[in-house]
Structure formats: structure tokens, C-alpha cells
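Undergrad: The following block contains a protein sequence and its predicted model.
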Amino acid sequence: MKVSLGRPVKVNNFLTTLNTTLISNRNLKKMEARAREAIKKISTYVVSQGCH
């Protein structure tokens, strides 16, 4: 599964619209990696529980 927030320009345009601080490409990639690991752990847990 691929986890991505989109192109950095797209993310920063969205953040500009919200009037918040922009994110560097390097930090965006780090956040995507953390999100990817969290999603993997959660999905593995849900599958092991039988998806009730």
C-alpha cells in the first residue's frame, strides 16, 4: 500500500490556503514514512482480529 499526501506543492498550497506554516519536502517524506508504518500496524491488527 502506498501512503502519500500528494506532491509537496499541492500540500503546501493547501497549507497556504489554511494560513499555516509550509512543510519542507524532506519533512513531508518523514511524515509519510511515519504514517505508512502506523497504517501497516493498524491494518495488520484489524486483519488479525477478523475484521468484525
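TA: Sure, I can see it.
Undergrad: Which other helices and strands does the helix or strand bottoming out on mean pLDDT in the chain contact?
TA: When the helices and strands of the chain are scored by mean pLDDT, DSSP states H and E, helix 8-17 comes last with a mean of 79. Applying 3 or more CB pairs under 8 Å, 6 or more residues apart in numbering; DSSP states H and E, we find helix 8-17 packed against helix 25-48. The way it works is simple: take the backbone N, C-alpha and C, and place the C-beta from them, glycine included.
Undergrad: quick one on the thing from earlier: how about residues contacting the least confident helix or strand of the chain?
TA: 5, 21-23, 25, 28 (CB atoms under 8 Å, 6 or more residues apart in numbering).
Undergrad: List the buried residues in that helix.
TA: Buried residues in helix 8-17, counted by 16 or more other CB atoms under 10 Å: 8, 11-12.
Undergrad: would you turn those into JSON lines with distance to Glu32?
TA: Output for the buried residues of helix 8-17, formatted as JSON lines (distance: CB to CB, whole Å):
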{"residue": "Pro8", "distance to Glu32": "10"}
{"residue": "Val11", "distance to Glu32": "10"}
{"residue": "Asn12", "distance to Glu32": "14"}
